[in-house]
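J.: 3D, please:
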Amino acid sequence: MVDEELSEDEDDWVMFDTPATSQTRVSKSDLQAVRKCLSDTVYPSWLEPPPMNLGEASHGKLKAAVWKTLFTSFLPMALADTWQVGDPRLVNLFHLSAATCIIDGPVFGPQESQSLKTHLLTYLHTLKSTFPHAKILPNHHNSLHFSEIASLVGPLRSLAAWAGERTNYTLSRVPTNKHPGEMEITMLTQVTRASNIKALLFEYAAVLRRAWEQLRPLIIRLSGLGGTVDAEKDLEDIFPSHGGKKAYLDQSTYNKLVQHIRFVDPPINRWQNAYSFPLDLKQPVISPHTVMYTTFKWKPRRPLSTTTESIVGNSLVCFIHPKTQVLSYGIIKSIFSHSRQSKRIKKAEIFLLVQQFPDLLPQDIIRSPYRRLPLTRITIKYEADNTAEQTLCRLTDIKCHLIMWRRPAGTYGISRPTVVLARTEGTSTGLF
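T.: Numbering: from 1, shown residues only. Model prediction:
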């Protein structure tokens, strides 16, 4: 697909083998469009993007993680903007992207198994018809067995070599005092145990959560947590390392917090708004006091931040809407921790105020190049303005970061400015 002068590394571009006709190739202008997309997108700080001079031999071999990001995010984003809907090259690319998302996903069941088979078979069939000079390689054949393997052992990411290689690297740096094989085996045993425990906790997370909800009132009574709550001390003890500042919520955010707590907590608690008078002194009151953060350590090497930070990509998130329970997309406006206590519970949580990207109207949905193509991690929304809905969610509602590409009005025939959003994690069907 790519002209010979654009890349001297034929192995890296086996997907882009040069076909017979100019209608079924990636031209120099197409490659420039991909590079333009790479330079214009906003992504989180931990993500390693493809090189800006993609297609040139000077950038050397690409890492597997970079290839994955390229095919699940950047290529579909850029080429859907360049090629026409229905272009066989685009259909071929989208089937490959959807299959990659499923293989990389954390969940694998019967639905994923069937979808993976469909996407891989369609990709291989359209590969030969769209790119006649493309070669069917042994890895293409091997990929047809992924569905069967994953059905037996679970998500294929659990078999990824990088985790074992990292463990081997760590073990190789441990001083053994000239007794090789003893310390390493002990540490490897502990790593295996920790991995097994983590897998069991993940598998039985829902059961453990229900058990905790039932046992929590008894634990609180036995531990003597029924006294008054010192919100400042609680928040400092629970979240001490994030550099927050004590503050009071503005009225709008506080009202959202009250509505959220009343929605998720059992009605028996009867939480009161601190600004509603008269107050019932026998019932708990939701304090407007919080600790505000500009950056919060969410996962290892994956910080969340507000739009006041210089790295805007860390504020782009995909989350589960607390009321509708559907995947939503937005940009973080504020992060704060809040502590509350009643006679039955004592809880401190992290909340995020997220400004959502509005959904496309029906007349614009039909203009999206992704509407009739296999599901990927990519979606299109209107760009958020000051009137966009702001949703309050918990830290546990956040699922992943986003890659964002702003598109001007008129792109895809849509009259309003839009954003193309790619999830950095999850399957093509949105499972995490």
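J.: which non-adjacent residue is nearest residue 414?
T.: Nearest residue to residue 414, sequence neighbours excluded (CB to CB, 6 or more residues apart in numbering): residue 364, at 4.7 Å. C-betas here are computed from N, CA, C, even on glycine.
J.: ok, residue 409 next?
T.: Leaving out its chain neighbours, the residue that sits closest to residue 409 by CB to CB, 6+ apart is residue 417, at 5.1 Å.
J.: how about residue 33?
T.: In space, residue 33 is closest to residue 82, 4.5 Å off (CB to CB, 6+ apart).
J.: just to revisit the earlier point, helix or strand for the residue nearest to residue 414, just tell me which one.
T.: Using DSSP states H and E, residue 364 sits in helix 362-365.
J.: now stretch 147-156: buried residues?
T.: For stretch 147-156, the neighbour count (16 or more other CB atoms under 10 Å) marks 147, 150, 154-156 as buried.
J.: what's the pLDDT at residue 317?
T.: pLDDT for residue 317: 93.
J.: please list all residues in contact with it.
T.: 304, 329-332, 352, 354, 398-402 (CB atoms under 8 Å, 6 or more residues apart in numbering).
J.: check residue 363 too.
T.: If you count contacts by CB under 8 Å, 6+ apart, residue 363 has none.
J.: ok, residue 126 - contacts?
T.: Going by CB under 8 Å, 6+ apart, residue 126 touches 88, 91-92, 95.
J.: now do the strands in the stretch 151-300 of the chain.
T.: Remark: strands assigned in the stretch 151-300 of the chain by DSSP state E, counting those that start in this stretch are 245-248, 272-273, 285-286, 289-293, 295-299.
J.: check the contact between residue 155 and residue 105; I expect there is one.
T.: Yes - counting by CB atoms under 8 Å, residue 155 does reach residue 105; the two are 6.4 Å apart.
J.: surely the residue nearest to residue 409 and residue 380 touch.
T.: No - Residue 417 lies out of contact with residue 380 (CB under 8 Å); the separation is 11.2 Å.
J.: look at the two and report which has more neighbours.
T.: Set residue 417 next to residue 380 and count neighbours by other CB atoms under 10 Å: residue 380 wins out with 25 against 15.
J.: quick check: beta-bridge partners of that one?
T.: On the basis of DSSP bridges, residue 380 is bridged to residue 420.
J.: which residue is the nearest non-sequential neighbour of residue 279?
T.: Among residues not flanking residue 279 along the chain, residue 272 sits closest, at 5.7 Å (CB to CB, 6+ apart).
J.: dump the residue contacts of the one you found.
T.: 279-280, 283-286.
J.: out of the residues you listed, flag the one nearest to residue 72.
T.: residue 286 (41.3 Å; CB to CB).
J.: check contacts around the closest one.
T.: Neighbouring residues of residue 286 by CB under 8 Å, 6+ apart: 254, 257-258, 261, 271-274, 340.
J.: which of those count as buried?
T.: Burial by neighbour count, judged by 16+ other CB under 10 Å, picks out 254, 257-258, 261, 271-273, 340 from the contacts of residue 286.
J.: considering those, which is situated nearest to residue 40?
T.: Among those, residue 257 lies closest to residue 40 (CB to CB), at 35.9 Å.
J.: confirm residue 140 sits in a helix?
T.: Yes - counting by DSSP: H, G, I helix; E, B strand; the rest coil, residue 140 falls inside a helix.
J.: identify the residue spatially nearest to it, adjacent ones excluded.
T.: Closest to residue 140 by CB to CB, 6+ apart is residue 124, at 6.0 Å.
J.: could I get the CA-only coordinates of the one helix or strand the one you found maps to as CSV?
T.: According to DSSP H and E, residue 124 maps onto helix 110-130. The C-alpha coordinates for helix 110-130 follow below in CSV (Å, rounded to 0.1, in the frame of the first residue of the first chain):
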residue,chain,number,x,y,z
PRO,A,110,-18.9,-16.4,23.5
GLN,A,111,-19.8,-13.0,22.0
GLU,A,112,-16.2,-11.9,21.7
SER,A,113,-15.3,-15.3,20.3
GLN,A,114,-17.8,-15.1,17.5
SER,A,115,-17.0,-11.5,16.7
LEU,A,116,-13.3,-12.2,16.5
LYS,A,117,-13.8,-15.1,14.1
THR,A,118,-16.1,-12.8,11.9
HIS,A,119,-13.7,-9.9,11.8
LEU,A,120,-10.5,-12.0,11.2
LEU,A,121,-12.1,-14.0,8.4
THR,A,122,-13.6,-10.9,6.7
TYR,A,123,-10.3,-9.1,7.1
LEU,A,124,-8.4,-11.9,5.3
HIS,A,125,-11.0,-12.3,2.6
THR,A,126,-11.0,-8.5,1.8
LEU,A,127,-7.2,-8.4,2.1
LYS,A,128,-6.7,-10.5,-1.0
SER,A,129,-9.4,-8.8,-3.0
THR,A,130,-8.4,-5.3,-1.9
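J.: what's stretch 251-264 in contact with?
T.: By CB under 8 Å, 6+ apart, the surrounding residues in contact with stretch 251-264 are 249, 271, 273-275, 286, 288, 322-323, 334, 338, 340, 351, 353, 390-393.
J.: list buried members of these by neighbour count.
T.: The neighbour count (16+ other CB under 10 Å) marks 249, 271, 273, 286, 288, 322, 334, 338, 340, 351, 353, 391-393 as buried among the contacts of stretch 251-264.
J.: that older thread, what's the spacing between the residue nearest to residue 409 and residue 364?
T.: Residue 417 sits 12 Å away from residue 364, going by CB to CB, to the nearest Å.
J.: what does residue 311 give?
T.: Per CB to CB, residue 311 is found 30 Å from residue 364.
J.: helices of this protein, start to end?
T.: Remark: helices assigned in the chain by DSSP state H are 28-40, 64-69, 75-82, 88-104, 110-130, 138-143, 146-153, 161-172, 183-203, 205-223, 231-238, 251-264, 362-365.
J.: of the ones you listed, which is nearest residue 413?
T.: helix 362-365 (8.0 Å).
J.: the bottom helix or strand of the protein by mean pLDDT?
T.: helix 231-238 (a mean of 44; mean pLDDT, DSSP states H and E).
J.: and the pLDDT at residue 137?
T.: So, for residue 137, pLDDT stands at 87.
J.: give me the number of residues near it?
T.: When neighbours are defined as other CB under 10 Å, residue 137 has 10 of them.
J.: who does residue 273 bridge with?
T.: Counting by DSSP bridges, residue 273 forms beta bridges with residue 286.
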